[in-house]
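[1] I would like to see how this sequence folds:
(chains A, B, C and D)
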There are 2 protein chains.
Amino acid sequence: MLSKKTKYGIKALTFIARQENGVKVQIATISQAENISHKFLESILLTLRKSGVLGAKKGKGGGYYLLKEPRDIKMTDVIRTLEGPIAMVPCVSLNFYEKCDDCPDEEACSVHKLMIQVRDSTLQVLRNTTLSDLV
Amino acid sequence: MLSKKTKYGIKALTFIARQENGVKVQIATISQAENISHKFLESILLTLRKSGVLGAKKGKGGGYYLLKEPRDIKMTDVIRTLEGPIAMVPCVSLNFYEKCDDCPDEEACSVHKLMIQVRDSTLQVLRNTTLSDLV
DNA sequence: CCTTTACCCTATCGGATTAGTAGGTTTTAT
DNA sequence: ATAAAACCTACTAATCCGATAGGGTAAAGG
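    I've put the predicted structure just below:
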């Protein structure tokens, strides 16, 4: 299940991407337009800023803006930042790999085999979808 | 993230599918071989029996066995039974559809658009993978 | 019949995670 | 100076997950 954090994050990015080039958007604006709790959204945008997707300007007239072109913002990056691993099981994750403690032999594991395929097909979609495809 | 319930369920089904045709397998046998809590596994196999994938026989010499050929057991069915929806968001789920309460217009929602694509690519894998592909 | 074996069912619980809340700090424009 | 906006830290209520406990019920062998 996709967390609300990720869901809201994608919605917010889409909202910002729809603005004229470089126009700054306040948290409150997005919060109202998309029905998102102001404080919760605040923490999400902060995370996205730290990951390098968004820039922010403090003070009056401040707000958030994209640091890259929408077509250069891949969904893989956004989701890994907000949600964490894309794989459904840590033992098939490329960026967040972890060994299963119950599984002695990964190669022989049926779940492993299946989830690699699911991961690859999901990755293909997310890698080829950018923010510009969603606006 | 895939729950342990689903993970264990798939492992157990694979284990059973590896037996000679029609041989019954006890909970304790799978539990030991796959490092799964006996009681937890019990509840999982019960769910799978109720969904019609497994049959069970009580009493001495009893156990669980497949009701269909491994190649006729699709991963979509197994995962929907144990995990629930395959879609990452209820508003794009085929079998467990639910409207998002924060989203006034699904067609205009960027998350909706993206998650439909993810769902479709995942479905294609799970529909074309059967238990026989995992043994 | 009677004991063993294994399936079936309900209830509970600790820990982790998630979504949201509260309150204050820092920076900027006017 | 003042208002507006992002920034930061900490907390909380609710939910879910994996596991556990304890018994009930049905079937097979002797």
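[2] C-alpha only now, for contacts and for neighbours.
    OK.
[3] Up against DNA strand C, what does chain A have?
    A:3-5, A:36-40, A:57-62 (Cα under 7 Å from any atom of the strand).
[4] per-residue confidence at the residue nearest to residue A:74 when sequence neighbours are not counted?
    Leaving aside its sequence neighbours, residue A:74 sits nearest to residue A:130 (Cα to Cα, 6 or more residues apart in numbering or on different chains; 4.4 Å). Model confidence at residue A:130, given as pLDDT, is 98.
[5] Tell me how many other residues surround residue A:130.
    For residue A:130, the neighbour count with other Cα atoms under 10 Å in any protein chain shown is 21.
[6] Quick one: residues contacting it.
    A:70-75 (Cα atoms under 8 Å, 6 or more residues apart in numbering or on different chains).
[7] From these, keep the buried residues only.
    A:70, A:73-75 (16 or more other Cα atoms under 10 Å in any protein chain shown).
[8] Which stretches in chain A count as strands?
    Counting by DSSP state E, chain A has these strands, from start to end: A:54-57, A:63-66.
[9] mind putting the buried ones among the contacts of residue A:130 in a markdown table, distance to DNA strand D included?
    A markdown table is the format used below for the buried ones among the contacts of residue A:130 (distance: Cα to the nearest atom of the strand, whole Å):
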| residue | distance to DNA strand D |
| --- | --- |
| A:70 | 19 |
| A:73 | 19 |
| A:74 | 21 |
| A:75 | 21 |
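[10] Between all of those, which two are separated the most?
    Across the buried ones among the contacts of residue A:130, the longest distance by Cα to Cα is 10.5 Å; it joins A:70 and A:75.
[11] Low-confidence stretches in chain A?
    Judged against pLDDT under 70, chain A has no low-scoring part.
[12] What residues sit buried inside stretch A:14-22?
    A:14-17.
[13] got the contact list for residue A:77?
    By Cα under 8 Å, 6+ apart, residue A:77 has no neighbours at all.
[14] Residue B:28 versus that one, what's the distance?
    Residue A:77 sits 43 Å away from residue B:28, going by Cα to Cα, to the nearest Å.
[15] and the nearest residue to residue A:66 once chain neighbours are set aside, how many neighbours?
    Of all residues not flanking residue A:66 in the chain, residue A:54 sits nearest, at 4.7 Å (Cα to Cα, 6+ apart). Other residues lying near residue A:54 total 18 when counted by other Cα under 10 Å.
[16] which bits of chain A sit near chain B?
    Within reach of chain B by Cα under 8 Å from any Cα of the partner chain, chain A has these residues: A:1-2, A:7, A:10-11, A:14, A:34-36, A:87-89, A:102-103, A:109-111, A:113-114, A:117-118, A:121-122, A:125-126, A:129, A:134-135.
[17] wait, what's in contact with the nearest residue to residue A:10 once chain neighbours are set aside?
    Using Cα to Cα, 6+ apart and skipping the chain neighbours, the partner closest in space to residue A:10 is residue B:111 (6.6 Å). Contacts for residue B:111 (Cα under 8 Å, 6+ apart) come out as A:7, A:10-11.
[18] Tell me which of those fall in helices.
    Among the contacts of residue B:111, the members found in helices (DSSP state H) are A:7, A:10-11.
[19] Quick check: longest helix in chain A by residues?
    Longest helix in chain A by number of residues (criterion: DSSP H): helix A:110-127.
[20] Any idea which residue of chain A lies closest to DNA strand D?
    At 3.2 Å from DNA strand D, residue A:26 is the closest residue in chain A, using Cα to the nearest atom of the strand.
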